[in-house]
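quick one: sequence and predicted model below, then my questions.
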Amino acid sequence: MNGPALFMTGVSGLVGSELLQTLLDSRPDRSVIVLTRNPDKIPLLGQNTRITVVEGDISRPGLGLHSRTLSQIQKEATEIMHCAAETRFGLPIEEARATNTRGTSNVLKVARACNRLEKFGHLSTAYVAGRTTGDIPESTLPDHSGFVNTYQQSKYEAEQLVCEAMKEIPIVVYRLSTIIGDSKTGHVRQYNYFHQVLRLFARNILPVAPGNESWQIDLIPTDWSISALTFLFESRFVPGEVIHVCAGKGGSPYMSYVKEITLELFQRHPLLEKWLPINPPKFVPLPEYEEYVQRSMAGNDNLLIEILKVLNNFLPQMGIHQSFDDQQLLHKLEGSGLALPPFCSYFSKVIDYCLEKDWGRKGGDALPGER
């Protein structure tokens, strides 16, 4: 096969698995070498004659590969798509860095020795901005204002390595915002912080939450994000760019709308009758929420204390006023037909799916974990 030869990490996760399929579909002449720690968990890959599965670990030098396998990759690869990441928010920083930062460093070392390399796509997150407020540009972020969790910090550090490597390697950084489900079916493959917030919403657990009803929250559907990534990588690849795959100001719903529509959907759903009446939390400034947490942690409600320990890995993000610039994204998607579906057109489908699957407890959907 004389077409592009893609080396790919992170295919067991939400984005990587779907992106692999769309990249295969878009180029029938593309061959793919897939790196995974657990080949037994994705046996169907080996049934595709265009896919070669190799067992390795990005956190290890040389990706944990035999020297012959590594040499083959470096000789053949014309493209790299790096999707592997540890997405658990509550890990100690060194554990998060093992995959996200040092793992990325190891992939970059391999890329430097790929003499035929034409493209390197690095999957990042819009939340490398951490606690920085205001408009976040589609460009390198040399400074930061701290982070909400170790996932953000380790991904920021990884992105710094990637942007530095742009001097040597043809790289584009794709920063995704929060993926919440399929726009056509509502299907959720991996539940993230946003789904967890919605789940608690109906249970009247928190009187307050950080945020402001006049702020927007950047949410995107799975199918659109995968299609956009594929189009950008295939047809709009320009080395050295940073692109936000996000809803932006033009497509992000206001927190007030999300709150109102969620309450409406929950109140009429038969599965939530036992929780009625639902009293949604009041949005308050982040310092006020942190004061509430501090008081509660000093109390004797052990269940609430355990819940707050988990929530503090992600909930403070809602109290940070950010918007993600998407002008470069919009320019690059011109003519593609990939219009972002309106939030109101699919959010109720996502809610219905989450309730029917009991937030991932039924049907084998993935809970928060490794992407």
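Received the coordinates, thanks.

which non-adjacent residue is nearest residue 282?
Once flanking residues are discounted, residue 282 sits nearest to residue 208: 5.2 Å by C-beta to C-beta, 6 or more residues apart in numbering. To be clear about C-beta, it is placed using only N, CA and C from the backbone, and glycine gets the same treatment.

do I have it right that that neighbour meets residue 284?
Yes. The pair residue 208 / residue 284 is scored as a contact, 4.8 Å apart, by C-beta atoms under 8 Å.

between the two, who's got more neighbours?
Counted by other C-beta atoms under 10 Å, residue 208 and residue 284 do not tie: residue 284 has more neighbours, with 18 against 15.

re earlier: shared neighbours, residue 208 and residue 284?
Common neighbours of residue 208 and residue 284, using C-beta atoms under 8 Å, 6 or more residues apart in numbering, are residue 292.

quickly find the element holding the residue nearest to residue 348 when sequence neighbours are not counted.
Nearest non-adjacent residue to residue 348, counting by C-beta to C-beta, 6+ apart: residue 265, 5.8 Å away. Residue 265 is part of helix 255-267, with elements assigned from DSSP states H and E.

what lines up beside the next helix or strand after that helix in the sheet?
Counting by DSSP H and E, the next helix or strand C-terminal to helix 255-267 is strand 282-284. With DSSP bridges as the test, strand 282-284 is paired with strand 208-210 (parallel).

neighbouring strands - and their directions - for the helix or strand that the partner strand is followed by?
Next in sequence after strand 208-210, counting helices and strands by DSSP H and E, comes strand 219-221. Partners of strand 219-221 in the sheet, by DSSP bridges, are strand 178-181 (parallel).

can you list the buried residues in the strand it pairs with?
Neighbour-count burial for strand 178-181, counted by 16 or more other C-beta atoms under 10 Å, picks out 178-181.

what do you get for stretch 90-101?
Neighbour-count burial for stretch 90-101, counted by 16+ other C-beta under 10 Å, picks out 91, 96-101.

on that earlier part again, tell me which residues are up against the helix holding residue 265.
Against helix 255-267 from outside (C-beta under 8 Å, 6+ apart): 198, 201-202, 211-217, 272, 275-278, 280, 283, 318, 343-344, 347-348, 351-352.

could you flag which of these are buried?
198, 201-202, 211-212, 215-217, 280, 283, 318, 343, 347, 351-352.

which of those scores worst on pLDDT?
Note: of the buried ones among the contacts of helix 255-267, the lowest pLDDT belongs to residue 202, at 76.

look up phi and psi at it.
Per-residue torsions, residue 202: phi -80, psi -10 (degrees, to the nearest 10).

residue 146: how many residues sit nearby?
Neighbourhood size, residue 146 [other C-beta under 10 Å]: 10.

do you know the pLDDT at the residue of the chain positioned farthest from its centre?
Largest separation from the mean C-alpha position in the chain: residue 300, at 35.3 Å (C-alpha atoms, centre = their mean). pLDDT recorded at residue 300 is 92.

ok, now the one 10 residues further on?
pLDDT for residue 310: 90.

what about the closest residue to it other than its chain neighbours, which SS state?
Of all residues not flanking residue 310 in the chain, residue 90 sits nearest, at 7.2 Å (C-beta to C-beta, 6+ apart). Secondary structure, DSSP: H, G, I helix; E, B strand; the rest coil: residue 90 is coil.

distance of residue 90 from residue 196?
In this view, residue 90 and residue 196 are 12 Å apart by C-beta to C-beta, to the nearest Å.

show me the shaky parts of the stretch 51-200 of the chain.
The model of the stretch 51-200 of the chain has no residue with pLDDT under 70.

and if you look at the stretch 251-371 of the chain?
In the stretch 251-371 of the chain, residues with pLDDT under 70: 363-371.
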